[in-house]
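A.B. asks: The sequence isn't on hand, but the structure is:
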């Protein structure tokens, strides 16, 4: 057998780094073998000392904007950020302007994404306006995203769902509104008081009750407290089909970052105490969460620097720094090597995509990362239109050198080698 | 390089089954490679279709008796049971008669075990009578075992401990004694009432407080309730150095077995409700426990069939059926493949032994298991002197065909191929 491409070197296979040859044919991984047993190929990439080969990363929670918010990010800049971060599959949230809550809007978004994307993508739909569209929406969207405003809708639509992935932002709106009313003119540093940890805990409690119906695959996103993580683990112990994720900012940063970065560090849910962050970090280390997500949420710097608390939009970019941050945490011995699965294999499984692992039959998505040299995170060089980060100044020791997407060299040394629209919509398998 | 032995076939490596060649030289795994790249060897074992190769299993909680209880089990029959069950390392509990709570007793036991054992072994010491012996005890014992009677002693000795492994049987004695007094003439079916789940939960709560001292590596054994499992997970989330295990009988059997098997199914802690058993099973599936243990606890059948509740000793044998049961649960899709780690890699790590994984540098302990053919568990054929089991009649589809211990064929088709005393004491590494 002769294949299109063989990549040789130290590869991340099943939780270990092993010398291997990954053979890709027709965009799909054809074999994993020792280098000596690699099939002959049209092209051969031999990695250098200090480089490792990982599966393409999978980020199941991003906001690539576009539409009327293309000034914040569009599908080209957003997916270039993904590519630079070694991410070959993104699942994009529906809170666009206009909001994606119908088949028509979903198709519009699919058209824009398919035209511009550099990496493969899946799309969430918001709570559908017209539930009769659910069968068609289900064929296109990877799942539904439910915002705090839509908890009521979720309850009323539950009987229309059939094992659908439902990603929930767990923060109880009533609690938040009550807290907000208590402070006349909040500053950025009041953010944690206005959206307290109890708001998350209450929402998780409510959602776990719904999960019991068995009609949905509930996924709770960006958890920030030990309490909610433990409630979910406890539900799993009782047999519930449920998954959850955490961001690196909630694991590695605390509310201190709000003092240093002001509105730039405003995010929902807020950065919390050092103690909560340590619990999130431990949950990642122990595998008590099923995925790491960046919640890449770009805005203009001007928007983030507004003086009025309510006018600062929440979120910041993350796509291009998550893999370097995770690899550095691994090299520092903070996270075990298999934490990589939380940003690749596991979210791919949750999305039902044949990606996220170096295994025969998976898409030929390979990231070559160079380890060792220190880089300071410099947001001014981001591909994202949002050129700021609460991780600014952090030192990482891992750099994405090459990304192969379905066997095609898609990025080399920061520059895309494929054209707009090479990224493909990934159907639910 | 020429090695002593190469075993070729489907091997359990890092959570997957892969065609591989395991080369063993001088008793230690020298390489893992694809079969084509295997080094030349003096001996070559090629596995047949339907066979898989696993690391030697590790059971960190067994009672091999001997001394004045050699009529229940001795180190030869107990380790033959281990060998037949694919277990190449056992860690034996100190509740012998006489109780092992001094350096002298520990040395006596070491001498008996070294003379008779067919598999490698580690020994726990009970709470030492004389704490001044702790430095010597620490050099020999793999850890301390603390029984409910000795919780007070643990507290008073905590300052003499330095990161020692302390395995605790968590059941609150006060609760049990109070419950026992409430029932004048208990039957076997009162066992769960006399040792209620709250007794375990209270003991775990108390122990988690002690774990906070950081002076010990606390390990809580044979957990039976979702509450205690969740408390431990929560402690881990807060960064505690703590581990725990569960048995298969608490995961797969419920108190119903007491009705069917009477005193044979009496065990401490008791078999509980179906709901609790499901939680233990889920904890195993999710990896919320760190190890599976058999708590192999043989007694004479006559003892187990006594009519008076108090005179029926707790426990039953398990060593020769645990691996077949786990493999069958895996083939049935109930447990994920990596559950094997809980009976090999993880307990070996906890004990500090270079065993439990097919990896270069590990002891050359390999188990060849044949999958597919149905076997009914028939305790009358046990090597253990205790020829009964609450798993009697269960159908398993996995059979241990060969066991290699440090590269030497130790068992083939149920028959030992090594002599008494081949098993070695494993020092803490």
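C.D. replies: That came in fine, so what should we check first? All values derive from a computational prediction rather than experimental measurement. Numbering: from 1, shown residues only, chains lettered A, B, ... in the order given.
A.B. asks: Chain B contacts on chain A?
C.D. replies: A:13-16, A:33-34, A:36-37, A:226, A:229-230, A:233-234, A:236-239, A:278-279, A:282-283, A:286-288 (Cβ under 8 Å from any Cβ of the partner chain). Yep, even glycine has a C-beta here, placed from its N, CA and C like the rest.
A.B. asks: can we see that at 6 Å?
C.D. replies: Contact residues, chain A versus chain B (Cβ under 6 Å from any Cβ of the partner chain): A:14-16, A:34, A:37, A:226, A:230, A:233-234, A:236-237, A:239, A:279, A:282-283, A:286.
A.B. asks: Go ahead and name everything in contact with stretch A:235-250.
C.D. replies: A:208, A:211, A:217-224, A:232, A:280, A:284, A:289-291, A:293, A:295, A:325, A:350, B:226, B:279, B:282-283, B:286 (Cβ atoms under 6 Å, 6 or more residues apart in numbering or on different chains).
A.B. asks: Just the ones in strands from the residues you listed, please.
C.D. replies: Among the contacts of stretch A:235-250, the members falling in strands (DSSP state E) are A:217-220, A:291.
A.B. asks: In chain A, what residue lies closest to chain B?
C.D. replies: residue A:14 (4.0 Å; Cβ to the nearest Cβ).
A.B. asks: Now for the nearest residue to that residue once chain neighbours are set aside: which residues touch it?
C.D. replies: Computed as Cβ to Cβ, 6 or more residues apart in numbering or on different chains, the closest residue to residue A:14 that is not its neighbour in sequence is residue B:14, at 4.0 Å. Counting by Cβ under 6 Å, 6+ apart, residue B:14 touches A:14-16.
A.B. asks: Please tell me how far residue A:125 sits from residue A:160.
C.D. replies: Distance, residue A:125 to residue A:160, using Cβ to Cβ, to the nearest Å: 13 Å.
A.B. asks: Who has more neighbours out of the two?
C.D. replies: Comparing residue A:125 with residue A:160 by other Cβ atoms under 10 Å in any protein chain shown, the one with more neighbours is residue A:125, at 26 against 15.
A.B. asks: show me where the stretch 101-250 of chain A has strands.
C.D. replies: Taking DSSP state E, counting those that start in this stretch, the strands of the stretch 101-250 of chain A run over residues A:120-125, A:143-146, A:164-168, A:216-220, A:242-246.
A.B. asks: Reformat those as TSV; add mean pLDDT.
C.D. replies: Output for the strands of the stretch 101-250 of chain A, formatted as TSV (pLDDT from 0 to 100):
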stretch	mean pLDDT
strand A:120-125	98
strand A:143-146	97
strand A:164-168	97
strand A:216-220	96
strand A:242-246	97
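A.B. asks: can you list the ones you listed in CSV and add distance to residue B:357?
C.D. replies: Shown next, in CSV, are these (distance: least, Cβ to Cβ, whole Å):
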stretch, distance to residue B:357
strand A:120-125, 35
strand A:143-146, 37
strand A:164-168, 35
strand A:216-220, 32
strand A:242-246, 28
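A.B. asks: Around the closest residue to residue A:409 other than its chain neighbours, how many other residues sit close by?
C.D. replies: Of all residues not flanking residue A:409 in the chain, residue A:417 sits nearest, at 4.9 Å (Cβ to Cβ, 6+ apart). Residues lying near residue A:417 (other Cβ under 10 Å) number 17.
A.B. asks: Check residue A:389 too.
C.D. replies: Here the count is done by other Cβ under 10 Å, and residue A:389 has 22 residues near it.
A.B. asks: ok so, going back, I'd like to know which of the contacts of stretch A:235-250 are part of helices.
C.D. replies: A:208, A:211, A:232, A:280, A:284, A:325, A:350, B:226, B:279, B:282-283, B:286 (DSSP state H).
A.B. asks: May I see the buried residues of stretch A:188-199?
C.D. replies: Within stretch A:188-199, the residues scored as buried using 16 or more other Cβ atoms under 10 Å in any protein chain shown are A:188, A:190-192, A:194-197, A:199.
A.B. asks: what about it, distance to the chain center?
C.D. replies: Offset of stretch A:188-199 from its chain centre (Cα atoms, centre = their mean, to the nearest Å): 23 Å.
A.B. asks: Tell me which residues are up against it.
C.D. replies: By Cβ under 6 Å, 6+ apart, stretch A:188-199 touches A:171-172, A:175-176, A:179-180, A:183, A:225, A:255, A:258, A:262-263, A:266, A:269-270.
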